[in-house]
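Q: Pasting the sequence and the predicted model now:
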Amino acid sequence: MILTRFASSTLLAVLVLCIGLASISQPVLATEENYAFATEQQRKDFKRLTQELRCPMCQNQNIADSDAMIAHDMRRKVYQLVTDGQGQDEVIDFMKQRYGDFVHYQPPVNSNTVWLWVLPFSVLLFGVLILIKKRPQAFSDNPQEQADLIAQADALLEKDK
Amino acid sequence: MINTRFLVPLVGFLALVFFLYQGLFSDPRERDSQVLAKPMPEFSLPDLMDPSVIYTQDVFNGEVTLLNIWGVWCVTCAIELPYLTELSEQGVRFVGLYYDQDLDPDFGTKTLARVQQEVVATTNQLGNPFVFNIFDVYRDTSLDLGVTGAPETLLIDQQGIIRVHHIGDINPRVWSKKFAPIYDELTKPSSGEMQ
């Protein structure tokens, strides 16, 4: 009895703690940087761009996620460009001019990267070709061949006896 | 003759092994600089020690210059400073592009005087290779140059064209391998294009 009461109160405490932590950490993230936007569209563009642009110093983080100084600077630049009325493509081109294709999570199709698209489909095609080739032979329509096969099968069965 | 049924997967497997083996020796941090063979981007920035002096990209005209991006907060910069000073004593022209980490452009927490004081203390201790330091206040010029951190160094020729972009410190090995061949070529009296 005492044990269960202890267990339930512990559970309650843990739950309260979890809820408390969740409600604390949420606003901390949101207020990290306050950028004011004139329009809702600009806010959306900024959000999408900072998620699509890769931090050039970190190995695999977008600039929205990273706390590196370069990510801070790039966010500020994206904010400047977006509030200047630049479109998403223009901002991405701006960053690509400075940091190369690496900065965008979507690789462009060129002679180096075309294999990323070609290879999976060619493997798929290869598999389909093998499947077609290896399809089990349909039972022959020719009565003579049928009779031969049955005779062979009978012979094998006879031998087993 | 070997059956193609075995040969095809074998060749495929070997190709895969070769591809993955190569990956063992590739550096994921290595990236091509976008500013190579391009002119220095336009800028207009103050001198670190005397903000009334404003520099533009024209300070690189007529002389081969090494533009070193650094800050006193950067540990590797402190390691390369004595060697850079040694090179500057041999006649290499160094210009600093200084940027401060703590000086947030939006919410300045550090005064300019404090930054200057730190820089003087560091260069007094470790050597000062710089003819002058350009203060990249908002780090816009660093961004235009595709700088990802400090230290980084650019070799700029007499026409203001960027010829080398090195990420990381300069040590004797990096200098002789990456900078010296191009630097010597550019400063050779006979081939000096402008002189």
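A: Arrived safely. Quick caveat: nothing in here was measured; it's all calculated off a predicted structure.
Q: For the rest of this, base every contact and every neighbour count on C-alpha atoms.
A: OK.
Q: what's around the residue nearest to residue B:149 when sequence neighbours are not counted, how many residues?
A: Sequence neighbours aside, residue A:70 is the residue nearest to residue B:149 in space, at 7.0 Å (criterion: CA to CA, 6 or more residues apart in numbering or on different chains). By the criterion of other CA atoms under 10 Å in any protein chain shown, residue A:70 has 22 neighbours.
Q: ok, now which ones touch the residue of chain B found nearest chain A?
A: Residue nearest to chain A within chain B: residue B:146 (4.7 Å; CA to the nearest CA). Residues counted as contacts of residue B:146 (CA atoms under 8 Å, 6 or more residues apart in numbering or on different chains) are A:98, A:99, B:33, B:34, B:35.
Q: What pLDDT does the model give it?
A: pLDDT recorded at residue B:146 is 91.
Q: so where does residue A:136 fall, helix or strand?
A: Using DSSP states H and E, residue A:136 sits within no helix or strand.
Q: Give me the secondary structure label for the spatially most central residue of chain B.
A: Centroid-nearest residue in chain B: residue B:153, 1.7 Å away (criterion: CA atoms, centre = their mean). Each residue gets one of three states, and residue B:153 gets strand by DSSP: H, G, I helix; E, B strand; the rest coil.
Q: hey, which helix is longest across chain B?
A: Among the segments of chain B that qualify as a helix by DSSP state H, the longest is helix B:4-23.
Q: Can I get that one in PDB, CA atoms only?
A: Output of helix B:4-23 as PDB, limited to C-alpha atoms (Å, rounded to 0.1, in the frame of the first residue of the first chain):
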ATOM      1  CA  THR B   4      29.100 -14.000 -66.700                       C
ATOM      2  CA  ARG B   5      26.700 -14.800 -63.900                       C
ATOM      3  CA  PHE B   6      29.700 -14.600 -61.500                       C
ATOM      4  CA  LEU B   7      31.600 -11.900 -63.400                       C
ATOM      5  CA  VAL B   8      28.900  -9.200 -63.400                       C
ATOM      6  CA  PRO B   9      28.400  -9.200 -59.600                       C
ATOM      7  CA  LEU B  10      32.100  -9.500 -59.100                       C
ATOM      8  CA  VAL B  11      32.800  -6.400 -61.200                       C
ATOM      9  CA  GLY B  12      30.000  -4.600 -59.400                       C
ATOM     10  CA  PHE B  13      31.400  -5.600 -56.000                       C
ATOM     11  CA  LEU B  14      34.900  -4.500 -56.900                       C
ATOM     12  CA  ALA B  15      33.600  -1.200 -58.100                       C
ATOM     13  CA  LEU B  16      31.800  -0.700 -54.800                       C
ATOM     14  CA  VAL B  17      34.900  -1.600 -52.800                       C
ATOM     15  CA  PHE B  18      37.000   0.800 -54.800                       C
ATOM     16  CA  PHE B  19      34.400   3.600 -54.300                       C
ATOM     17  CA  LEU B  20      34.100   3.000 -50.600                       C
ATOM     18  CA  TYR B  21      37.900   2.600 -50.200                       C
ATOM     19  CA  GLN B  22      38.400   6.000 -51.800                       C
ATOM     20  CA  GLY B  23      35.900   7.500 -49.300                       C
END
